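Peer 1: Attaching a predicted model along with its sequence, questions to come.
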Amino acid sequence: MVALIDDCDKDTMASHKVLISLTQIERTIFLVRGQRVMLDSDLAELYGVTTGRLNKAVKRNRDRFPGDFMFILTPGEMKSLISQIAISKSGRGGRRKPTHAFTEQGVAMLSSVLRSRRAVRVNIEIMRVFVRLRQLLLTHADLARKLDALEMRYDSQFKVVFDAIRQLMTPPEPKKRKIGFAQDE
């Protein structure tokens, strides 16, 4: 699914279309400290501003971002994300300042801080993705509950069937690629 966003530049009043795919937004949502969050650099890219500008806007409005809306990643959390999503290490052209992680409520607050038309529209799409993720989790949990109830009702003859269904419900582990050049034999 693709979201079409009008972006209107106030200085030139030139209007153009910017495409933001909902899957692109989904890929920028991570699980940190048991919460779904988005990183400041990913949000800045979606909003069409620099990470520095986004963080300055947050700093000027610090009272709007309590700890449950935004937090700074620890070095351990950052190291984990570096290995997961290939963020460059600091000191090697990477970030020199700590990374901010915004929860769903923090992302909602960002539109009031940035105040651009694009920020509001991008924010609407991000909220839709968060809602969709919540619905998927509820559906998955509901399906697991129904499967447990069915398994309790039927005897061990169907254990193989229930195990197969559970195996299909769990996502496959990502395949690790070997580092280096591959030779054709």
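Peer 2: Looks like it arrived, so ask away. Just so it is clear, the model here is predicted, and its values are computed rather than measured.

Peer 1: and residue 24, how many neighbours?
Peer 2: Under the neighbour criterion other CB atoms under 10 Å, residue 24 is assigned a count of 16. C-betas here are computed from N, CA, C, even on glycine.

Peer 1: Tell me who's in contact with it.
Peer 2: Going by CB atoms under 8 Å, 6 or more residues apart in numbering, residue 24 touches no other residue.

Peer 1: which SS state does it fall under?
Peer 2: The three-state assignment at residue 24 reads helix, by DSSP: H, G, I helix; E, B strand; the rest coil.

Peer 1: Hmm, residue 107 is touching residue 42, no?
Peer 2: No: Residue 107 is beyond contact range of residue 42, at 10.3 Å (criterion: CB atoms under 8 Å).

Peer 1: Between those two, tell me which one has more neighbours.
Peer 2: The neighbour comparison of residue 107 against residue 42 (other CB under 10 Å) goes to residue 107, with 23 against 20.

Peer 1: so how far is residue 30 from that one?
Peer 2: Noted for residue 107: a distance of 13 Å to residue 30, by CB to CB, to the nearest Å.

Peer 1: joint contacts of these two?
Peer 2: Any residue near both residue 107 and residue 30 by CB under 8 Å, 6+ apart counts here, and that gives residue 38.

Peer 1: Residue 69 against residue 105, yeah?
Peer 2: Yes: using CB under 8 Å, residue 69 and residue 105 qualify as a contacting pair, with a distance of 4.8 Å.

Peer 1: Once you drop chain neighbours, what's closest to residue 46?
Peer 2: Nearest in space to residue 46, with sequence neighbours left out and distances taken as CB to CB, 6 or more residues apart in numbering, is residue 122 at 5.1 Å.

Peer 1: since we're on the one you found, how many residues are nearby?
Peer 2: A total of 25 residues lie near residue 122 under the criterion other CB under 10 Å.

Peer 1: Please apply the same query to residue 47.
Peer 2: 22.

Peer 1: How about it: what's its closest non-neighbour residue?
Peer 2: Leaving out its chain neighbours, the residue that sits closest to residue 47 by CB to CB, 6+ apart is residue 119, at 5.0 Å.

Peer 1: Quick check, residue 77 in contact with residue 30.
Peer 2: No: the pair residue 77 / residue 30 is not scored as a contact, 9.5 Å apart, by CB under 8 Å.

Peer 1: Can you point out the buried residues in stretch 109-122?
Peer 2: Of the residues in stretch 109-122, those buried by neighbour count under the rule 16 or more other CB atoms under 10 Å are 109-111, 113-114, 116, 118-119, 121-122.
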